[in-house]
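>>> Would you be able to build a 3D model of this:
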Amino acid sequence: MKRVWFVLVLACGLFSVNAHASGKVAVIAHNVSNRIITLSDMGLTEAVTLGERNSEQHFYLPMPQGIPLKSAVFKLVATYLQPFAGNAVLTVSVNGDPVLMRKLESSITPIEIVLPLANAQPKAGILDVSVALSTQADASRCFDQRGKGIELSLDTHNTSLIYAFEHGAVSDIRTMLSTLPHRPAILLPSNALSQAQYESTLRMLLALSGMGLQPELLAVPKVGEIVTVDGLMASAAMSDTLRLAVQNKKLFKIQDKQDVGAWLLARMNSPNGLAQIVLDPVETRRALLTSIAESGMNELPGRLGSPEQWLHKEAKGNSNIELMQLAGYPVLGVGGGDAAKAVKLISTEWKQIAISSSLDVASAVDMNNSKEGKSNLHFAKDFPLRVLTADGEWVVPFNLHRLPKGRWPDAFELNMLAAPSSGGQSPVASVLLNDNLLTAALLGTNGKMTRITARIPLYALRANNMLKVRVGHRVESGLCSGVSQSIPVQLLPSSFLSLTGLPNASQFFMLEPALANHGDIIVPKRYLQDSALTLPAVSAFLNGLSVGFDNFVLQTSVEKSFVPKGVFVSFEIEPDDVSELVSTRSGHLIVRNAQGKAVLDSAGMGELAVMQLVQSHRQSGVYITTVTGRMPIFNKPLDIGIGSLAIADAQGTRLVVNLDDPDGDLELDEQNLGVKLFIHHYRTWIIVLVVLLLPVIAILGLRFYYSRRNLPT
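Numbers count the residues shown, from 1 in each chain. Below you'll find the predicted structure:
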């Protein structure tokens, strides 16, 4: 039985969203929080289909460990289609134990099942839920024909894990991290931050985004500032303008001090409270108390507690992360009294933070374990044996920033072994990278190893890559000849990814290996004064470039026309001696052709951001600028891995092109590929052999010449 594994296990299981399961979960009290984790939150935005060729799926759902839950259920929403006569059985298992078996008979069946999980125990914070479909179809039909149309389609937007917990049960950081919502809010003391606070927050945003979350920033507001109203409920305490903004789900500009208090109270009454993470608790507490006093909120609901007790704990020594209480909700206070130590702490893996209620900076670890100078990487050491009845697949994810320093993917060398088949059928192995077919070959069935070489063209690469080695039967004659036979096939541990030297960057994703080792992130000093609006934009671009949260240096004092010292990402500060691909002048984005004629003018297109891959003093980097002088507020993640020029607005990336050499990226010489790869991989030995043979050939040539001269005429 084939299993396709969606291994989306994150550090502490930090996936959840704010919603209410209609009619399935009881109304939650004010001291209880409700979490819903949908499959779409885990990146499965399309329907997941089970059928004859893909009969079982495992989903790894984050669930708090070591905390009593008020309730927990798994809700499955699906549709079953069965065009042929026969029966099917739906089986749901939790941690390997079947908890439901249901017979499916009708041709089109809507399915909605709610399974209580009161006794389910997550392993390391992860609940393994598998959904399997077993069918018994008409034996007169061929396997391939039976597989068409018989399918169970899971609705990923509604299939979910739902649980509730009491606030008092959260007693340590490990538990707090495992209960963060899908959109955790980070509360800042104000929009104006110091460089250390700005850097701390940026690293937090990148770390949480890397775990699959969508963090948002909130600042203790002041009159005249703009705030978000997502998730708020309109109330009588609000002004008419604030209530209208909440109803229309638009950003709101604070008009007076009463608006400050009404907004804060509405956030406190929202399902997840005011925030889940607080930067610099001492300063934030001071700003909150001042805002509450000035807004005239003399009394708060008793369930929110006394404001004087919020975030009351002072930082202690090396403890830069503390579990605190804010308006009746548990929160993480980050920063303490030493922002510099907090920066180092946040740049470590969050697994290290989760081991206790506080953590010393000395326990930080280096994430990059790659060694420099490797020529290949073995990736198939623990791959399972596949016993094929139809087809099978091995999936290998790899990221460019995790490769050895200065190395680049060149080719896959796959060693495969298939058992002999009685019918003489030869399995077909296909090699795909990011769904680009690199090569395919027949596997020998004589018990001998088959070696497959698949060169990696530039157009198939991305910052985050997925190799698929897919093996299937080859039908030669007859309707069902040899199809049902089982054949063991193994991808051998000797298979490897061949590496070569790092090329010059011609597309955005090619900067990632250099950025992973060290990069300068350059922002204008004015960004520190408007942190709640600029930090999300900076984080969105860095996420789009796959920049990690640990190996970069933030610079805020760089002057215009700076000379870079290494790879860089610069926001609105132009590097020295750089040739721009496009120009943004006088509020317009101008793109010109080779003759200097404008082919694009962005007049009237609204707020745009332009990202260019540039060279400055022989250093590669990214230069990001705005068209109207204001950075868009991005509503969608930015997909900017490929290309050398990207244009984005609030709805995400609008245009990504490669202006360097688009035709060169597509070059793939299919002729004499084996000879070229042989020369490429063994050029050092070939050169040594030639050097050794040249003197021998020269001596033999001279001997032959003189022997010919001395022959009698």
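>>> For Leu502, see how far away Pro404 is.
Pro404 is 10 Å from Leu502, where distance means C-beta to C-beta, to the nearest Å. Placement of C-beta: from N, CA and C, glycine included.
>>> Could you check which of those two is surrounded by more residues?
Pro404 (18 against 15; other C-beta atoms under 10 Å).
>>> Quick check: which element contains the more buried one?
In the assignment (DSSP states H and E), Pro404 maps to no helix and no strand.
>>> Does it touch Leu499 like I think?
Yes. Counting by C-beta atoms under 8 Å, Pro404 does reach Leu499; the two are 6.8 Å apart.
>>> I figured Leu645 was touching Met611, is that so?
Yes. Counting by C-beta under 8 Å, Leu645 touches Met611, with 7.3 Å between them.
>>> Tell me which of those two has more neighbours.
Legend: neighbour count by other C-beta under 10 Å for Leu645 and Met611, higher for Met611 (26 against 20).
>>> Please settle this for me: is that one part of a helix?
No. Met611: not assigned to a helix; according to DSSP: H, G, I helix; E, B strand; the rest coil it is strand.
>>> And it, how close does it get to Pro189?
Here the criterion is C-beta to C-beta. By it, Met611 lies 31 Å from Pro189.
>>> go on, Val688?
For Val688 relative to Pro189 (C-beta to C-beta), the value is 65 Å.
>>> who has more neighbours, those two?
Comparing Val688 with Pro189 by other C-beta under 10 Å, the one with more neighbours is Pro189, at 22 against 11.
>>> Can you give me the pLDDT of that one?
The model reports Pro189 with a pLDDT of 91.
>>> contacting residues for it?
Gln197, Ala219, Val220, Leu279, Asp280, Glu283, Thr284, Arg286, Ala287 (C-beta atoms under 8 Å, 6 or more residues apart in numbering).
>>> Let's see that with 7 Å instead.
By C-beta atoms under 7 Å, 6 or more residues apart in numbering, Pro189 lies in contact with Val220, Leu279, Asp280, Glu283, Thr284, Ala287.
>>> in stretch 543-553, what's buried?
By 16 or more other C-beta atoms under 10 Å, the buried positions in stretch 543-553 come out as Asn543, Gly544, Leu545, Ser546, Val547, Gly548, Phe549, Asp550, Asn551, Phe552.
>>> now do stretch 489-503
Of the residues in stretch 489-503, Val489, Gln490, Leu491, Ser495, Phe496, Leu497, Ser498, Leu499 count as buried by neighbour count, 16+ other C-beta under 10 Å.
>>> gap between that stretch and the chain center?
Here stretch 489-503 is found 24 Å from its chain centre; the criterion is C-alpha atoms, centre = their mean, to the nearest Å.
>>> Could you export that stretch as PDB, CA atoms only?
Extracted in PDB, the C-alpha atoms of stretch 489-503 (Å, rounded to 0.1, in the frame of the first residue of the first chain):
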ATOM      1  CA  VAL A 489      12.800  -1.800  -5.800                       C
ATOM      2  CA  GLN A 490      15.500   0.000  -3.800                       C
ATOM      3  CA  LEU A 491      17.100   3.400  -4.100                       C
ATOM      4  CA  LEU A 492      20.500   2.500  -2.800                       C
ATOM      5  CA  PRO A 493      22.300   4.400  -0.100                       C
ATOM      6  CA  SER A 494      25.200   5.000  -2.500                       C
ATOM      7  CA  SER A 495      23.100   7.500  -4.400                       C
ATOM      8  CA  PHE A 496      24.300  11.100  -4.100                       C
ATOM      9  CA  LEU A 497      23.900  14.700  -5.100                       C
ATOM     10  CA  SER A 498      27.000  15.900  -7.000                       C
ATOM     11  CA  LEU A 499      28.100  19.400  -6.100                       C
ATOM     12  CA  THR A 500      30.100  22.000  -8.000                       C
ATOM     13  CA  GLY A 501      31.500  25.500  -7.400                       C
ATOM     14  CA  LEU A 502      29.100  28.300  -6.700                       C
ATOM     15  CA  PRO A 503      28.200  30.200  -9.900                       C
END
